[in-house]
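Undergrad: here is the input, now give the coordinates:
(one chain, ligands or ions: 1)
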Amino acid sequence: MNALIINCSPVKTGATAEIVNIIDKEISSRYNTKCICIDDYSFEFCKGCRACHSTAKCVMDDDILKIMDEFDNADVIVSVSPSYWADIPGQYKSFIDRCTPWCDTHEPHASIKEGKKGYSVALRTGPGMHECDRIIQSIEHFYGHLHIECAGHLGLTSIEYKENVEPRKQEIIDFCKTI
Ligand SMILES: Cc1cc2nc3c(=O)[nH]c(=O)nc-3n(C[C@H](O)[C@H](O)[C@H](O)COP(=O)(O)O)c2cc1C
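TA: Model (predicted):
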């Protein structure tokens, strides 16, 4: 079974990356894991032209297809996202917008293989869980329209830098046992 773990932050060595590394280490005995960072890819913003509503294809040709190949190869997808202004970072939102050809609200639409499970991990610096909940909702909304089953989530508050992750390691390890 293949697991794709996504750093939804543009920071490749920050707190989000640290959590991705812990998840990778914890589940790699049970899955073939692949870690990617949204910043590894280059793609344009969705233009809102809706051509994909009738063609199931985007008018642009960039790295979105590479990311979707990674989704298609995975049985399990884990999105790890920090709060940027109380929601997912713009880079990950832009990626989701570009997934409109795969959205099940219009016919025809493109599709990835069925039967995938999706997990969400949200982190933020502030103390309240409400922002984590909003981030998880954004990711799970996306999963739903791609027929990725929402199988679990974790919210982590009071994390700003990667040094703040170590004291929370056990929470992350316990979550990994559910994947
Ligand atoms: C542009 C930006 C906006 C942020 N907005 C929030 C916010 O609204 N609420 C919050 O709790 N933390 C916010 N943070 C803090 C991040 O969620 C936190 O530092 C997280 O650990 C960043 O992970 P990263 O370095 O891997 O991207 C923000 C950080 C940045 C860079």
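
Undergrad: can you count the residues close to the closest residue to the ligand within the chain?
TA: Going by C-beta to the nearest ligand atom, the ligand is nearest to residue 14 of the chain, at 2.6 Å. For glycine as for every other residue, the C-beta is placed from the backbone atoms N, C-alpha and C. Using other C-beta atoms under 10 Å, residue 14 is surrounded by 18 other residues.

Undergrad: ok, the residue of the chain positioned farthest from its centre to residue 98 distance?
TA: What lies farthest from the middle of the chain is residue 54; by C-alpha atoms, centre = their mean that is 26.4 Å. As judged by C-beta to C-beta, to the nearest Å, residue 54 and residue 98 stand 17 Å apart.

Undergrad: part of a helix, is the residue farthest from the centre of the chain?
TA: Yes - judged by DSSP: H, G, I helix; E, B strand; the rest coil, residue 54 forms part of a helix.

Undergrad: okay, it and residue 74: tell me how far apart.
TA: According to C-beta to C-beta, residue 54 stands 28 Å off from residue 74.

Undergrad: and residue 176, by the same measure?
TA: Distance of residue 176 to residue 74, given as C-beta to C-beta: 16 Å.

Undergrad: also residue 163?
TA: Using C-beta to C-beta, we find residue 163 at a distance of 30 Å from residue 74.

Undergrad: equivalent analysis for residue 47, please.
TA: Taking C-beta to C-beta, one finds residue 47 at 28 Å from residue 74.

Undergrad: contact partners for residue 131?
TA: By C-beta atoms under 8 Å, 6 or more residues apart in numbering, the contact list for residue 131 reads 83, 86-87, 122, 124.

Undergrad: tell me which element it falls in.
TA: Element membership for residue 131, per DSSP states H and E: helix 130-145.
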